[in-house]
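Asker: Here is a sequence together with a model predicted from it:
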Amino acid sequence: MSVSTPSQSFSASPPQQTKDFDAIVIGSGIGGLVTATQLAAKGAQVLVLESYIIPGGSAGYFDRDGYRFDVGASMIFGFGQKGTTNLLTRALQAVNVSLETIPDPVQIHYHLPNGLEIQVHQLYEKFLQELIDKFPQEREGIRQFYGECWQVFNCLNAMELLSLEELGYLMRVFFKHPLACLGLVKYLPQNVGDIARRYIKDPILLKFIDIECYCWSVVPAELTPMINAGMVFSDRHYGGINYPKGGVGQIAQKLVEGLEKAGGQIKYKARVARIITENGRAVGVELTTGEVYRAKRIVSNATRWDTFEKLLPAEAMPNKEKKWQERYHKSPSFLSLHLGVEASVFPKDTACHHILLENWDKMEAPEGTIFVSIPTLLDPSLAPEGYHIVHTFTPSWMEEWESLSTKEYEEKKEVAAGRVIERLEQIFPGLDAGLDYMEVGTARSHRRFLGREDGTYGPIPQRKLLGLLGMPFNRTSIPGLYCVGDSTFPGQGLNAVAFSGFACAHRIAVDLGF
């Protein structure tokens with residue numbers, strides 16, 4: 001998602017009327033672009049409105065001093081070559097574009113309290129054996145828990161993943177794959193923690209499963225839906241983690257290329273001020289410039305907070321949205337360090353992705369868990385010769401960065417960056433001395449450039465819920481308005497928002513008769 005907070009001062013001149021479209025998508029995050037490309041591939045007239053100068057939102061990029069940095073995470077699911085869960089591969093193929101990827105042999109190297117080191121290898125048995133070597137008394141429980149994750153994945157991977165709101169699709173899928181459908185119904189209301197505790201008793205191993213969930217859901221296993229875990233914990237071995245050559249930003253660039261090939265349009269520096277409704281129905285959008293674009297369907301790739309509190313009058317929020325906000329709240333944002341570092345700092349066979357946590361009790365605390373990506377270990381072309389990119393980030397709340405002068409803000413960023421680098425020296429000695437470039441982003445940066453309320457990563461449960469049953473689908477209470485992205489089923493992550501995009505486009509195509 002990438003839609004900036006609207007200005008409160010609208011144009012005084014009369015709105016400028018333009019042509020009508022079948023669908024307008026607000027924001028060019030991956031969920032929005034998959035929706036747009038899927039619709040364009042079916043022949044719909046689609047317009048994407050992006051407030052920034054490039055597409056991608058959290059999956060975008062920026063260039064500095066010879067380095068090409070990913071804005072967000074570099075651990076990419078969905079580029080497999082088999083099954084139905086390879087949603088990024090399928091999204092690109094739908095509009096006749098492709099992207100070279102580089103396989104990653106290790107998903108994550110965990111550096112955990114009391115010297116516990118675990119690598120999640122792409123080879124499933126190699127990963128299980130490493131885990132069993134650390135917890136030999138839990139041999140059976142480890143195989144049973146991760147085996148149940150495979151059961152979930154196999155149900156998902158048996159069917160085409162489209163809109164669960166569309167009855168015709170559900171009936172077709174059920175008659176074709178009845179056992180897979182019944183399996184998903186079984187797991188839909190379940191969370192990972194409950195299933196893990198059926199098989200595993202060791203408290204440290206259960207904490208490891210917590211951080212296995214936290215690294216992508218930003219909540220522990222007790223609050224993480226089993227459907228999502230089944231996808232992540234299995235697809236990393238099935239389709240694998242594959243990094244796009246040229247950086248994560250290439251995914252959005254290629255989707256835009258395909259969108260335009262299929263007859264769709266994207267407009268940059270197009271900041272949406274409001275969604276226009278007539279007789280209670282969404283019919284168009286107005287930009288901060290006063291330009292108006294109308295369409296049969298409007299899709300918001302903004303967060304639900306931005307959609308229903310800023311692009312629409314907050315006082316008119318539908319009851320369903322109020323109830324959703326009672327169940328979910330904003331996750332933290334991140335303190336992000338984009339570093340250029342001498343290659344000599346990193347030993348041979350260093351993994352691309354790392355997680356550092358020294359105290360289990362601080363896993364969810366601000367600056368508790370540190371995430372690290374070194375994408376140049378896979379694609380050296382992203383940095384000058386002899387250097388690597390290190391993107392490291394850690395949870396951080398907006399409240400930490402509000403009400404500061406420019407000087408105070410810059411000083412606080414420098415101090416915070418120093419804390420993170422000092423901790424990273426534990427696993428990468430010489431990191432500080434090897435620094436060539438550093439840029440620090442905060443919750444304010446994410447709010448400004450990604451247009452996300454409080455810079456949030458996405459919604460997380462306020463309390464334990466029944467799996468994914470509380471996560472809304474794409475249609476909203478306002479006729480003609482749909483949401484897509486991490487505020488909709490099935491939640492956060494590039495492959496998850498791609499799923500949301502496939503589902504949203506399918507629902508709209510059926511509604512419009514494509």
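Answerer: Yes, it's here. Numbering: from 1, shown residues only.

Asker: Now do stretch 393-402: distance to the chain's middle.
Answerer: Centroid separation between stretch 393-402 and its chain, computed with CA atoms, centre = their mean, to the nearest Å, is 18 Å.

Asker: What about L404, how many residues nearby?
Answerer: 15 (other CB atoms under 10 Å). (Each C-beta comes from the backbone N, C-alpha and C, glycine too.)

Asker: which residue sits closest to it in space, ignoring its chain neighbours?
Answerer: Nearest residue to L404, sequence neighbours excluded (CB to CB, 6 or more residues apart in numbering): K412, at 6.4 Å.

Asker: isn't that neighbour right up against E402?
Answerer: No - with contact defined as CB atoms under 8 Å, K412 does not count as touching E402 (11.1 Å).

Asker: neighbour count winner among these two?
Answerer: K412 (15 against 11).

Asker: Would you agree the more buried one falls within a helix?
Answerer: Yes - under DSSP: H, G, I helix; E, B strand; the rest coil, K412 sits within a helix.

Asker: and it, what does it touch?
Answerer: E400, W401, L404 (CB atoms under 8 Å, 6 or more residues apart in numbering).

Asker: again, 10 Å this time
Answerer: By CB atoms under 10 Å, 6 or more residues apart in numbering, the residues touching K412 are E400, W401, L404, V440, T442.

Asker: Adding distance to E148, write these out as CSV.
Answerer: Formatted as CSV, those follow (distance: CB to CB, whole Å):
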residue, distance to E148
E400, 39
W401, 41
L404, 47
V440, 41
T442, 39
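
Asker: and of those, the nearest to D361?
Answerer: Using CB to CB, E400 comes nearest to D361 of the contacts of K412, at 19.8 Å.

Asker: quick one: the helices in the stretch 301-450 of the chain?
Answerer: With helices called from DSSP state H, counting those that start in this stretch, the stretch 301-450 of the chain shows them at 304-306, 319-327, 406-424, 443-450.

Asker: Nearest to L466, out of those helices?
Answerer: helix 319-327 (10.3 Å).

Asker: Quick check: pLDDT value at the nearest residue to S58 once chain neighbours are set aside.
Answerer: Leaving aside its sequence neighbours, S58 sits nearest to G72 (CB to CB, 6+ apart; 4.0 Å). Looking at G72, its pLDDT reads 90.

Asker: three-state assignment of G72?
Answerer: Going by three-state DSSP: G72 is coil.

Asker: Check the contact between it and H391; I expect there is one.
Answerer: Yes - the criterion here is CB atoms under 10 Å, and G72 meets it with H391 at 8.5 Å.

Asker: Which residues are in contact with each of these two?
Answerer: In contact with both G72 and H391: S336, S373, using CB under 10 Å, 6+ apart.

Asker: if you count what's nearby, which of those two comes out ahead?
Answerer: G72 (23 against 20).

Asker: Deepest-packed of the helices of the stretch 301-450 of the chain, please.
Answerer: Compared across the helices of the stretch 301-450 of the chain, helix 304-306 shows the largest average neighbour count, a mean of 23 (mean count of other CB atoms under 10 Å).

Asker: From the contact counts, what lies against that one?
Answerer: helix 319-327, strand 328-330 (3 or more CB pairs under 10 Å, 6 or more residues apart in numbering; DSSP states H and E).

Asker: how about JSON lines for the ones you listed, with distance to K362 and mean pLDDT added?
Answerer: Below are these laid out as JSON lines (distance: least, CB to CB, whole Å; pLDDT from 0 to 100):
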{"stretch": "helix 319-327", "distance to K362": "26", "mean pLDDT": "94"}
{"stretch": "strand 328-330", "distance to K362": "20", "mean pLDDT": "93"}
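
Asker: do you know which of those lies nearest C504?
Answerer: So among the helices and strands packed on helix 304-306, helix 319-327 is nearest, using CB to CB, at 16.8 Å.

Asker: Restricting the selection to alpha carbons, write the closest one to CSV.
Answerer: C-alpha atoms of helix 319-327 as CSV (Å, rounded to 0.1, in the frame of the first residue of the first chain):
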residue,chain,number,x,y,z
ASN,A,319,-20.8,-0.3,12.3
LYS,A,320,-18.9,-3.3,10.8
GLU,A,321,-15.7,-1.2,10.7
LYS,A,322,-16.2,0.0,14.3
LYS,A,323,-16.5,-3.6,15.4
TRP,A,324,-13.4,-4.5,13.4
GLN,A,325,-11.5,-1.8,15.2
GLU,A,326,-12.6,-3.3,18.5
ARG,A,327,-11.0,-6.7,17.5
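
Asker: Provide the contact partners of it at residue level.
Answerer: Against helix 319-327 from outside (CB under 10 Å, 6+ apart): 304-305, 307-309, 312, 314, 317-318, 459, 461-463, 465, 469-472, 476-478, 483, 487.

Asker: Can I get the buried part of those as one PyMOL selection?
Answerer: A single PyMOL command selects the buried members of these (16 or more other CB atoms under 10 Å):
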select buried, resi 304+305+307+308+309+312+317+459+461+465+470+471+472+476+478+483+487
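
Asker: Report the buried residues of stretch 98-107.
Answerer: Those buried within stretch 98-107 under the rule 16+ other CB under 10 Å are L99, T101, D104, V106, Q107.

Asker: ok, now stretch 53-63?
Answerer: For stretch 53-63, using 16+ other CB under 10 Å, the buried residues are I54, P55, G56, G57, S58, A59, G60, Y61, F62.

Asker: repeat for stretch 124-137
Answerer: Here stretch 124-137 shows Y124, F127, L128, L131, I132, K134, F135 as buried, counting by 16+ other CB under 10 Å.

Asker: Minimum distance to H237: which of the helices of the stretch 301-450 of the chain has it?
Answerer: Taking CB to CB, helix 406-424 is the member of those nearest to H237, at 27.7 Å.

Asker: what about the closest one, distance to the chain center?
Answerer: With CA atoms, centre = their mean, you get 26 Å for helix 406-424.

Asker: Next, the angle helix 443-450 makes with that helix.
Answerer: With axes from the mean of the first three to the mean of the last three CA atoms, to 10 degrees applied, the angle from helix 406-424 to helix 443-450 works out at 100 degrees.
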